[in-house]
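1. need a structure here:
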Amino acid sequence: MGESRFAEPFLRRRRFTRTLHAARNFDERFTPGASADGQEFFDMRSAMDLRPTAGKEMSRKALIHSRGGVPTEDLARTSTFVAFDEIDACVTGLEQDGVYVFRQLMPSTMVHPMLESALTVPAAPRGRDAVASPFPRSSPTVGRYDIDENDTMASPQMQDFCSDPALALIAARYLGQPVIQDQTALWWTTTQGAADASMNAWLFHQDRDRLSFVKFFCYLTDVGPENGPHTMVRGTHKRVPRAMSRDGRKTDEAVRAAGLWDQVTELTGPAGTVLAVDTVGLHKGQPPISGDRCVLQVEFATSLFGAHVDYPRFDPTDLSRERFAQEPQLLQRWYRSFTDE
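-> The predicted structure follows:
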């Protein structure tokens, strides 16, 4: 037991070095469609056990020639969702607490068609071997229903949100590097999954799919205390007790025992609420007690090194075509939607 206690930190430091080399090689040799291999991904996640900031440190050391982009301020001013004068406040909030709730709500003219799309496209019941079909809102049988990115992007409004230049500029300023839009997710949570808290991400955890990243969430339904609000432990994106640094799920009791409960914040808000969250910090969704919750998420990262990379195919709007032409590096995962491949 004692040898293991000393060996693990040593192994994680070795994996830190290996990850540095692997990340640098990945970005120097990257071709569209590529993903890191399983061993490299394991090394990265293990190395990030050292401290919450380890991934950002590796990113800044390894990515000499970033393949991402940084939108101009003029482009950021064209945002449908973010007031330009909130950009600096958001970056400051992320730096201090790891979370920021935008004052400006998404326009209802955007929320309503996005929600309608989320009710119409196929949704896969998590943990069930079943064919995806539209979310059974009146009679759900599991705690979470996931919508494939290709189907998410069938909505013109969701294409707008997921390519929003103000969100990308916030990400680049916060992370201190050019960024790539590297993930889109859309899901429903219901009252039916309390027994599957780990599978449904309803226990505290830290995301480690990339070295350096930040996420933006939009509530497409009203989210009060009983609807499963996103819950964040403020400040743990910068520091966390050693006992809480290991990869994996953590219970409420473990967070209390670590002396962190006074930093726990439930993020509620009406439909159209937009959040910026550094999910390297401890966070979880809560199981709804009543009703349901629909959330759209977009992530920006400094590299596609890490977890498997998805390259969606969808019918791009004129706005998406314009933004891809303006920022092809930022939106490089979308290339298949603009080619005949």
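
2. any idea of the pLDDT on residue 131?
-> Residue 131 carries a pLDDT value of 87.

3. So what's the residue count around it?
-> Other residues within reach of residue 131, judged by other C-beta atoms under 10 Å, total 8. For the C-beta atoms, the positions are set from N, CA and C on the backbone; glycine is no exception.

4. got the contact list for it?
-> residue 122 (C-beta atoms under 8 Å, 6 or more residues apart in numbering).

5. Sketch out the low-pLDDT regions of the protein for me.
-> Within the chain, the stretches with pLDDT under 70 are 1-8, 64-66, 193-201, 340-341.

6. Show me the strands in it, by range?
-> 99-101, 122-125, 133-134, 144-147, 180-189, 213-219, 230-233, 264-267, 274-277, 283-285, 293-301 (DSSP state E).

7. residues making contact with the first one?
-> For strand 99-101, the surrounding residues in contact (C-beta under 8 Å, 6+ apart) are 89-90, 92-94, 232, 234, 265, 267, 269, 273-278, 281.

8. Please apply the same query to the shortest one.
-> Under the criterion C-beta under 8 Å, 6+ apart, residues 119, 120, 121, 122, 123 lie in contact with strand 133-134.

9. how about 10 Å then?
-> Strand 133-134 has contacts (C-beta atoms under 10 Å, 6 or more residues apart in numbering) with 118, 119, 120, 121, 122, 123, 124, 125, 145, 147.

10. Need the strands of the chain in TSV (columns: distance to residue 11 and mean neighbour count).
-> TSV is the format used below for the strands of the chain (distance: least, C-beta to C-beta, whole Å; neighbours: other C-beta atoms under 10 Å):
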stretch	distance to residue 11	mean neighbour count
strand 99-101	32	21
strand 122-125	36	21
strand 133-134	45	12
strand 144-147	33	24
strand 180-189	27	24
strand 213-219	24	25
strand 230-233	26	24
strand 264-267	31	16
strand 274-277	30	23
strand 283-285	26	24
strand 293-301	25	24
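
11. Those strands into CSV, with extra columns for distance to residue 47?
-> CSV is the format used below for those (distance: least, C-beta to C-beta, whole Å):
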stretch, distance to residue 47
strand 99-101, 24
strand 122-125, 32
strand 133-134, 40
strand 144-147, 28
strand 180-189, 19
strand 213-219, 15
strand 230-233, 22
strand 264-267, 27
strand 274-277, 22
strand 283-285, 20
strand 293-301, 16
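
12. count of residues packed around the nearest residue to residue 307 once chain neighbours are set aside?
-> Closest residue to residue 307 apart from its sequence neighbours, by C-beta to C-beta, 6 or more residues apart in numbering: residue 209 at 4.0 Å. Using other C-beta under 10 Å, residue 209 is surrounded by 18 other residues.

13. Residue 209 and residue 247 touch, don't they?
-> No - applying C-beta atoms under 10 Å, one finds residue 209 not in contact with residue 247, separated by 11.5 Å.

14. joint contacts of these two?
-> Here residue 209 and residue 247 share the contacting residues residue 45, scored by C-beta under 10 Å, 6+ apart.

15. Can you check which helix is longest in this structure?
-> With secondary structure taken from DSSP state H, the chain has its longest helix at helix 2-29.
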